[in-house]
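> below is the sequence, then the predicted model.
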Amino acid sequence: GQEFVDQIDRLKPRLYSIASSPDFEPGTVHLTVGIVRYEGQGRSKTGLTTGYLADRVPEGTNDVRVFMSPTRSFILPEDGNCDIIMVGPGTGIAPFRAFMEQRVHDKAPGRNWLFFGDQSEKTEYYYKDEIEAWLDGGHMYKFTTAWSRDQEEKIYVQHRLKEHGAE
């Protein structure tokens, strides 16, 4: 049996964008994870890591093992005066939540415009309270949404980008 196990490739790490700024809440890492569930070969299946996080890690657990892999290209501009446009469909909103936390922490005066889309406002409006607080507090310049299933005609983020293209 050990010879067989020795021949199996190790699992590749599952990479997720971090949804929190290390300066805003030091010592913690927040993730925004969409749980993958599907039927296959006659049985229910889940994504390897998302299923583990959803079904096997008790709520409130704060000691899940992670490793950090910093990026050098997907970062905020050094100049806090620089305006930014963020496009986050679905759980892709994660890094932009971190960007907003950092911009608020740094008191960066640049304008922040977030385009966000998912299937339904009722079930996928992630970080609603935070986003509304950023808007109310003047930290977020604009928040443009695209809910693809809330009306008969499907609307996606790319439609909203096109609508606001001139601006």
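Nice, thanks for sending it over. Small disclaimer: the values here were computed from a predicted structure and weren't measured. Residues are numbered from 1 along each chain as shown.
> burial of the residue lying closest to residue 157 once chain neighbours are set aside, as a residue count?
Excluding its sequence neighbours, the residue lying closest to residue 157 (Cβ to Cβ, 6 or more residues apart in numbering) is residue 117, at 4.0 Å. All C-beta atoms are positioned from the backbone trio N, CA, C, and that covers glycine. Using other Cβ atoms under 10 Å, residue 117 has 23 neighbouring residues.
> what sits against residue 117?
89-90, 145-148, 155-157, 160 (Cβ atoms under 8 Å, 6 or more residues apart in numbering).
> ok, residue 93 next?
Residues near residue 93 by Cβ under 8 Å, 6+ apart: 19, 32, 114, 116, 126-127.
> got it, and residue 87?
115, 157, 161.
> for the longest helix seen in the chain, list every residue counted as buried.
When the chain is parsed with DSSP state H, its longest helix is helix 94-106. Neighbour counts over helix 94-106 (16 or more other Cβ atoms under 10 Å) mark 94-104 as buried.
> adding distance to residue 165 and pLDDT, write those out as CSV.
Shown next, in CSV, are the buried residues of helix 94-106 (distance: Cβ to Cβ, whole Å; pLDDT from 0 to 100):
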residue, distance to residue 165, pLDDT
94, 25, 95
95, 23, 95
96, 20, 97
97, 25, 97
98, 27, 97
99, 22, 97
100, 23, 98
101, 28, 98
102, 27, 98
103, 24, 98
104, 28, 98
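> let's have the residues you listed in CSV, adding distance to residue 1.
Below are the buried residues of helix 94-106 laid out as CSV (distance: Cβ to Cβ, whole Å):
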residue, distance to residue 1
94, 40
95, 42
96, 47
97, 45
98, 44
99, 48
100, 50
101, 48
102, 49
103, 53
104, 54
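> closest one of the residues you listed to residue 24?
Nearest to residue 24 among the buried residues of helix 94-106: residue 101, at 3.9 Å, using Cβ to Cβ.
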